[in-house]
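Asker: missing the sequence, but the structure's below:
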């Protein structure tokens, strides 16, 4: 299976060596930066907040054979099984807690492994960009992913973002590669990756099916470019469901309900309803000072009543928050609004991005470029959206999985709690659309200049 096209492929086997050389250089740079950061960082407490449930799930699975996000009992016995967290990240942690001598040693090994996963993300970003452009654009995008401080710092936390970034990027890359060179196995593998991404972070639950539906929608508008759209749709969806099935089967057998869940989605939705993430004065954690919060979580009817009253009392405040405020918040530089500032989620006893000369220069450069990159990417995003109504090129098809994944993630964060940390896994796609905007602009400028000269 491949998309029909009539131009020379950039995947010329004779050029593989150049791609491999650049990928190796980017990998060396990325891994060196990550190890330099880890060697110069002193976290305040690596196992805290969300990390407690992930570590507990991995530890319980490794030592008791039970999937539970609750810490072991005082007698070091297994807690009852639950479904408080999806198992993607705990499964990643599992072998480290299974084969390490102590939990502390396991955590040290996890951080090194996450530096490797981050390095692979850099390489994958470069390879994805190579499917669209030459070495110049692709190398710049790979370099930006390699030096992005937020991607580096999150790899030294026991959080899902590092693994999720790689898995989601792998899903998109595999599908785009399938469009480019053909192969039903690649489409199926992309479905598996989308499925595991959803098991890593529930926010991705509908990303795979939505990408599959977008293939049908756009494929029907460009049958000559995507002749096998129905088969692609079915194979992608099959891979996604096969990856998801064991987890829901486990829930059915262990908990009695395959779709047994928690109120996490409702928590995220309700926390996202506070304009500017403020209820009275406490920025970033408005639900902590809302006396009605717990009652709203417990009673959906009461929640609807309260939210309706709040919207009615100041509708423009909420309209502005949902249309503009959430986008501004989720793409801001600081990862934890109301919490620890800058590129960190949690407090650090030692800040290498300010004390280490090279890391400090990288942070300063990326901080100055952050807003321009976001604006340029937005222009590229808007340009592609307009082109969707007239799909007339291979590039339009190849960009579709990236566009759909971005739309889905951003749309869901507009509905839910828009923490900046949640958009970090989208940074490679952000850089790709910034590159797309620049490429389109330069192409049009070149065409205008050529036309002028011919006159």
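Answerer: Everything's here; your move. Note that the structure is predicted; figures quoted are calculated from it, not measured.
Asker: tally of neighbours for residue 320?
Answerer: Here the count is done by other C-beta atoms under 10 Å, and residue 320 has 14 residues near it. Every C-beta, even on glycine, is put in place using the N, C-alpha and C of the backbone.
Asker: same question, residue 350
Answerer: 12.
Asker: helices or strands up against the lengthiest helix in the chain?
Answerer: Among the segments of the chain that qualify as a helix by DSSP state H, the longest is helix 357-387. Using 3 or more C-beta pairs under 8 Å, 6 or more residues apart in numbering; DSSP states H and E as the contact criterion, the neighbours of helix 357-387 among helices and strands are helix 16-39, helix 135-147, helix 149-154, helix 352-355, helix 400-415, helix 427-454.
Asker: and with 10 Å instead?
Answerer: In terms of contact count using 3 or more C-beta pairs under 10 Å, 6 or more residues apart in numbering; DSSP states H and E, helix 357-387 is assigned the packing partners helix 16-39, helix 135-147, helix 149-154, helix 326-330, helix 352-355, helix 394-398, helix 400-415, helix 427-454.
Asker: Select, out of the ones you listed, the one closest to residue 243.
Answerer: Distances from residue 243 to each of the helices and strands packed on helix 357-387 were compared by C-beta to C-beta, and the smallest falls on helix 400-415, at 16.5 Å.
Asker: Counting neighbours, which bits of the closest one end up buried?
Answerer: Neighbour-count burial for helix 400-415, counted by 16 or more other C-beta atoms under 10 Å, picks out 400-410, 412-414.
Asker: least trustworthy position among the residues you listed, going by pLDDT?
Answerer: In terms of pLDDT, residue 400 ranks lowest among the buried residues of helix 400-415, with 89.
Asker: Test my guess that it contacts residue 213.
Answerer: No - Residue 400 sits out of contact with residue 213 when judged by C-beta atoms under 10 Å, with a separation of 11.0 Å.
Asker: Any buried residues in the longest helix of the chain, and which?
Answerer: The neighbour-count check on helix 357-387 (16+ other C-beta under 10 Å) flags 359, 362-363, 366, 370, 373-374, 376-381, 384, 387 as buried.
Asker: next one: stretch 322-338
Answerer: If you call a residue buried by 16+ other C-beta under 10 Å, then stretch 322-338 has these buried ones: 325, 326, 327, 329, 330, 331, 333, 334, 335, 336, 337.
Asker: repeat for stretch 205-214
Answerer: Residues 205, 207, 208, 209, 210, 211, 212, 214 are the ones in stretch 205-214 that count as buried (16+ other C-beta under 10 Å).
Asker: For it, what is the distance to the chain centroid?
Answerer: Distance, stretch centre to chain centre, for stretch 205-214: 15 Å (C-alpha atoms, centre = their mean, to the nearest Å).
Asker: Would you agree residue 218 is in contact with residue 388?
Answerer: Yes - using C-beta under 10 Å, residue 218 is in contact with residue 388, at 6.8 Å.
Asker: Out of these two, name the residue with the larger neighbour count.
Answerer: Regarding residue 218 and residue 388, a neighbour count based on other C-beta under 10 Å identifies residue 218 as having more, with 19 against 16.
Asker: Can you read off the pLDDT for that one?
Answerer: For residue 218, the pLDDT comes out at 76.
Asker: Also the one 10 residues further on?
Answerer: According to the model's per-residue confidence, residue 228 sits at a pLDDT of 77.
Asker: Let me know how buried it is, in neighbour terms.
Answerer: Per other C-beta under 10 Å, the neighbour tally for residue 228 reads 17.
Asker: And for residue 426?
Answerer: For residue 426, the neighbour count with other C-beta under 10 Å is 22.
Asker: what does residue 349 give?
Answerer: Each residue near residue 349 was counted by other C-beta under 10 Å, and the total is 9.
Asker: quick one: which helix or strand includes it?
Answerer: Residue 349 is part of strand 348-350 when elements are defined by DSSP states H and E.
Asker: re the thing from before, shared neighbours of residue 218 and residue 388, which are they?
Answerer: Counting by C-beta atoms under 10 Å, 6 or more residues apart in numbering, the contacts common to residue 218 and residue 388 are 396, 400, 403.
Asker: Hmm, residue 381 and the last one touching each other?
Answerer: Yes - the pair residue 403 / residue 381 is scored as a contact, 7.4 Å apart, by C-beta under 10 Å.
Asker: what's the overlap in contacts for these two?
Answerer: Listed as contacting both residue 403 and residue 381 by C-beta under 10 Å, 6+ apart are 429, 433, 436.
Asker: Name the SS class of residue 83, please.
Answerer: Of the three states, residue 83 takes coil under DSSP: H, G, I helix; E, B strand; the rest coil.
Asker: Residue 202 versus that one, what's the distance?
Answerer: Here the distance between residue 83 and residue 202 works out to 11 Å (C-beta to C-beta, to the nearest Å).
Asker: Over to residue 119?
Answerer: Residue 119 sits at a distance of 26 Å from residue 202 (criterion: C-beta to C-beta).
Asker: how many neighbours does residue 245 have?
Answerer: By other C-beta under 10 Å, the residues close to residue 245 number 12.
Asker: pLDDT score for it?
Answerer: 91.
Asker: now the one 3 residues further on
Answerer: Confidence at residue 248, expressed as pLDDT, is 87.
Asker: now the buried residues of stretch 322-338 in a markdown table, with pLDDT and distance to residue 73?
Answerer: Compiled in a markdown table, those are given as follows (pLDDT from 0 to 100; distance: C-beta to C-beta, whole Å):
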| residue | pLDDT | distance to residue 73 |
| --- | --- | --- |
| 325 | 93 | 44 |
| 326 | 94 | 41 |
| 327 | 93 | 44 |
| 329 | 91 | 40 |
| 330 | 92 | 39 |
| 331 | 93 | 43 |
| 333 | 90 | 42 |
| 334 | 87 | 38 |
| 335 | 84 | 34 |
| 336 | 77 | 32 |
| 337 | 71 | 36 |
